[in-house]
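1. fold the following for me, if possible:
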Amino acid sequence: MAEKYFENALKENPQNEEVSLWLTQVKLNLHKNDDAIRYAQQYLQLVPAGDQGYTLLGVAYAQSGSVEQAIADLNQAISINANNPQAYYYLAMIYQQKGDKQTAERYMNIVKQFQAQR
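-> Residues are numbered from 1 along each chain as shown. Presented below is the predicted three-dimensional model:
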């Protein structure tokens, strides 16, 4: 299983930022949000300007119901890297769920711009 593989790899080398990021994604996929938050935070200790880490951290917080923290982390990801379509997409989804269709649409339009550039 991917989860055990990455956990063992991280035990062998706790400074491996790539493994921390992959393990965060695996935990998210398994809806183990507390673990995902912990590994994303561990990644961000290794890579403080890691927009991918903030994106995954935001997703984990959103899935765990901490919407305002999720928004803050996703905005942090964008402030680090404005070319991060995932962060804009997740912000659009959060605002859609909050009922703020105007803000959701604004973020979704940015996502569409990224798609048009492909």
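
2. what sits up against the helix or strand bottoming out on mean pLDDT in the chain?
-> Within the chain, confidence by mean pLDDT, DSSP states H and E is lowest for helix 2-12 among all helices and strands, at a mean of 92. Helix 2-12 is contacted by residues 16, 19-20, 22-23, 26-27, 30, 39 when judged by Cβ atoms under 8 Å, 6 or more residues apart in numbering. Where C-beta positions appear, they are placed from N, C-alpha and C, glycine not excepted.

3. between these, which is nearest residue 102?
-> residue 27 (32.7 Å; Cβ to Cβ).

4. contacts only, for the closest one.
-> Residues near residue 27 by Cβ under 8 Å, 6+ apart: 3, 33, 35-36, 39, 60.

5. same thing but 7 Å
-> Residue 27 makes contacts with 35-36, 39, as judged by Cβ atoms under 7 Å, 6 or more residues apart in numbering.

6. out of these, which sit inside helices?
-> Among these, the residues falling in helices (DSSP state H) are 35-36, 39.

7. want to try JSON lines for the contacts of residue 27, with distance to residue 8 and pLDDT as columns?
-> Formatted as JSON lines, the contacts of residue 27 follow (distance: Cβ to Cβ, whole Å; pLDDT from 0 to 100):
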{"residue": "35", "distance to residue 8": "15", "pLDDT": "97"}
{"residue": "36", "distance to residue 8": "18", "pLDDT": "97"}
{"residue": "39", "distance to residue 8": "14", "pLDDT": "96"}
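
8. and the residues you listed as CSV, adding distance to residue 101?
-> Shown next, in CSV, are the contacts of residue 27 (distance: Cβ to Cβ, whole Å):
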residue, distance to residue 101
35, 33
36, 28
39, 33
